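Participant: Pasted the sequence and its predicted model underneath.
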Amino acid sequence: MAPTISGFSKLSKDDKIKWLAAHHFNDEVQAIATLKKYWNSDEQLQQLHDEFTENTISNYYLPFSVAPNFLINGERYTIPMTIEESSVVAAASKAAKFWLTRGGFKAEVLATTKVGQVHFMYQGEATVLSEFFQDIKPTLLASVKELTAKMEKRGGGIRDIQLVNKSNDLAHYYQLHCTFETVDAMGANFINSCLEKFAETLLACAETSPKDIIKLQDFEIVMSILSNYVPDCVVSASVSCPISDFPNTPQLSAKQYAEKFVRAVHIAQIEPYRAVTHNKGIMNGVDAVVLATGNDFRAIEAGAHAYAAKEGSYKSLTKATIENDQFTFSIKIPLALGTVGGLTNLHPLVKFALQLLGNPNAKQLMKIVAVAGLAQNFAAINSLITTGIQQGHMKMHLMNILNQFNASENEKNEAVSFFKNNTVSYSAVEQLLEKLRS
Ligand SMILES: CC(C)(COP(=O)([O-])OP(=O)([O-])OC[C@H]1O[C@@H](n2cnc3c(N)ncnc32)[C@H](O)[C@@H]1OP(=O)([O-])[O-])[C@@H](O)C(=O)NCCC(=O)NCCSC(=O)C[C@@](C)(O)CC(=O)[O-]
Ligand SMILES: NC(=O)C1=CN([C@@H]2O[C@H](COP(=O)(O)OP(=O)(O)OC[C@H]3O[C@@H](n4cnc5c(N)ncnc54)[C@H](O)[C@@H]3O)[C@@H](O)[C@H]2O)C=CC1
């Protein structure tokens, strides 16, 4: 077991690596070589990456891929995707190609309000607090003027502050529930700075209030933090076509296909076990674009799943209907995204991704990300209700399996041609390689 260490953060990068290699690896030379293999030869670029987080010792590659042929509101896009899972990019590309000739995707931002809360305890009378809050609300708003001046020039800023009495749920618990417009920034740091100022101002106002009405010692600020639940920062996207636009196959007529598709989505509406996997498929597309564009995928994930459960049970984020022989498939998803701030202006590949998308603003990026989620879900359901997921997924996963067996180029070529007409599985690949190697 490695010894504990104090002051690790203060060591140089080289010393951190030496300590790790010495205490966690039998082959120290190999461990260090593995880390160094992923360093960038451009020292300045490497330093930039080192400084993104703390205790950085190397870079962790993920594929940077693209899915072409997306038609969104009449504009064509090639979408950047960063994801480790095989078949996701192929699936998105396939869905994009399918809808390209059927009117493409329509997307619309429905709202962009973000939320932050000052959580505090108050031991006095609720009515007294309510009156106090009404009195100090202009002071609270004025206290953040310096912080919000530039954001207001961009059309953003604080939308409202409300006092919320939560003391029925937790004794003495209240909130300043604040709403924000952060324009092209995700806004976490902006919101948190404003909230901390509100908390400070709340206490300052309590301190200077007449002592017989409001007492400072009745207040305890517990925390001030934005919420990643953003049900009012929502985008919708959809595709639609006459059901006769679907191919007729020996297994399913176009009508049967459309009806089976709708049933598959209905199942995800009413069955949480299915809904979670269904939404995981959506997030395959969403997260990949969120990561490629340098956004906070944990925030997006947390917000999306909370939204999926907003009616009390966990449901699909997509819907499918057939009305008058017209098939429509749509998604509604909360997405607090930024095209400025965070890593967006720092990471060269993120800058590249945003350029590839035509330097979208946050609203445009919301539409693109929602479309990627919808496309992914379309492709997955298409596979699930026809061939099954394994056929396409394993076809794309073939290279990973071959690499696990250290297959040579020649063996890979043989395998690709063999599996054109055979189902890929781990054991089928193993058997083929055994045969080729004997
Ligand atoms: C995998 C495919 C696309 C194959 O589909 P296919 O019909 O065999 O592909 P194809 O070879 O006929 O090519 C058609 C198009 O697909 C794309 N495509 C095809 N191959 C590639 C490739 N190598 N690289 C890039 N793009 C590719 C590409 O757009 C291509 O057009 P083209 O470029 O030739 O003009 C299909 O089977 C599919 O969409 N499967 C679904 C895969 C999927 O959803 N994967 C996600 C991982 S599984 C999971 O995590 C989620 C899940 C499934 O559980 C969610 C849920 O349950 O809802
Ligand atoms: N719970 C959470 O989700 C938390 C997330 N974070 C992190 O915070 C970061 C995002 O915070 P941000 O405040 O967005 O980034 P940021 O701190 O980099 O600030 C972005 C700034 O860009 C400026 N700006 C320039 N042009 C703008 C425009 N057109 N629209 C809006 N602002 C413009 C504004 O001053 C804005 O405050 C992410 O890295 C995220 O991971 C931090 C704390 C908590």
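Facilitator: Looks like it came in fine. Ligands and ions are numbered 1, 2, ... in the order given.

Participant: What separation do you get for the residue in the chain that ligand 1 sits nearest to and Ala90?
Facilitator: Relative to ligand 1, the nearest point of the chain is Gly392 (1.8 Å; Cβ to the nearest ligand atom). Placement of C-beta: from N, CA and C, glycine included. Here the criterion is Cβ to Cβ, to the nearest Å. By it, Gly392 lies 7 Å from Ala90.

Participant: So which of these two has more stuff around it?
Facilitator: Shown here are Gly392 and Ala90; by other Cβ atoms under 10 Å, Gly392 has more neighbours (21 against 16).

Participant: Checking my notes, that one in a helix, right?
Facilitator: Yes: judged by DSSP: H, G, I helix; E, B strand; the rest coil, Gly392 forms part of a helix.

Participant: In contact with it, which residues?
Facilitator: Ser87, Ala90, Ala91, Ser383 (Cβ atoms under 8 Å, 6 or more residues apart in numbering).

Participant: Tell me the pLDDT of the nearest residue to the second one once chain neighbours are set aside.
Facilitator: Excluding its sequence neighbours, the residue lying closest to Ala90 (Cβ to Cβ, 6 or more residues apart in numbering) is Met396, at 5.4 Å. Listed pLDDT for Met396 reads 84.

Participant: Met396 is in contact with Ser87, isn't it?
Facilitator: Yes: Met396 lies in contact with Ser87 (Cβ atoms under 8 Å); the separation is 3.7 Å.

Participant: Quick check on these two: which one has the bigger neighbour count.
Facilitator: The neighbour count for Met396 versus Ser87, taken as other Cβ under 10 Å, is higher for Ser87 (20 against 16).

Participant: Look up phi and psi at Ala375.
Facilitator: phi -60, psi -40 (degrees, to the nearest 10).

Participant: Can you name the residues that contact it?
Facilitator: So Ala375 contacts Ala67, Phe70, Ala91, Ala92, Ala95, Ala96, Trp99, Phe105, Gly285 (Cβ under 8 Å, 6+ apart).

Participant: After the lowest-mean-pLDDT helix or strand in the chain, which helix or strand is next? Please name it.
Facilitator: Here the helix or strand of the chain ranked lowest by mean pLDDT, DSSP states H and E is helix 389-404, holding a mean of 87. Per DSSP states H and E, the first helix or strand lying C-terminal to helix 389-404 is helix 409-418.

Participant: Off-centre distance for that following helix?
Facilitator: Mean C-alpha position of helix 409-418 versus that of the full chain (Cα atoms, centre = their mean, to the nearest Å) differs by 36 Å.

Participant: Kindly report the same for stretch 316-334.
Facilitator: Worked out by Cα atoms, centre = their mean, stretch 316-334 lies 21 Å from the chain centre.

Participant: swap in stretch 54-63?
Facilitator: 20 Å.

Participant: do that stretch and ligand 2 meet at all?
Facilitator: No: residues of stretch 54-63 contacting ligand 2 under Cβ under 6 Å from any ligand atom: none, with a closest distance of 13.9 Å.

Participant: does that stretch come close to ligand 1?
Facilitator: No: residues of stretch 54-63 contacting ligand 1 under Cβ under 6 Å from any ligand atom: none, with a closest distance of 11.3 Å.

Participant: end to end, how far does that stretch reach?
Facilitator: Using Cα to Cα, to the nearest Å, the end-to-end distance of stretch 54-63 comes to 23 Å.

Participant: Mind listing residues that contact that stretch?
Facilitator: 8-9, 13, 16-17, 20, 34-36, 38-40, 46, 49-50, 82-84, 89, 291.

Participant: what subset of those residues is also close to ligand 1?
Facilitator: Near ligand 1, by the rule Cβ under 6 Å from any ligand atom, you find Val89 out of those.

Participant: Would you mind checking the contacts of stretch 54-63 for buried ones?
Facilitator: Buried residues within the contacts of stretch 54-63, counting neighbours by 16 or more other Cβ atoms under 10 Å: 13, 16-17, 20, 35, 39, 46, 49-50, 82-83, 89, 291.

Participant: ok, and of the residues you listed, which contact ligand 2?
Facilitator: Okay, of the buried ones among the contacts of stretch 54-63, nothing touches ligand 2 (Cβ under 6 Å from any ligand atom).

Participant: Out of these, which sit inside strands?
Facilitator: Thr82 (DSSP state E).

Participant: sec struct for Phe327, please.
Facilitator: Taking three-state DSSP, the label given to Phe327 is strand.

Participant: nope, Ile79 is what I meant
Facilitator: Ile79 ends up strand, using three-state DSSP.

Participant: Give me the spatial nearest neighbour of the residue in the chain that ligand 2 sits nearest to, chain neighbours excluded.
Facilitator: Using Cβ to the nearest ligand atom, the single residue of the chain nearest to ligand 2 is Gly341, 2.7 Å away. Counting by Cβ to Cβ, 6+ apart, Ala185 is the residue found nearest to Gly341 once chain neighbours are left out, at 4.3 Å.
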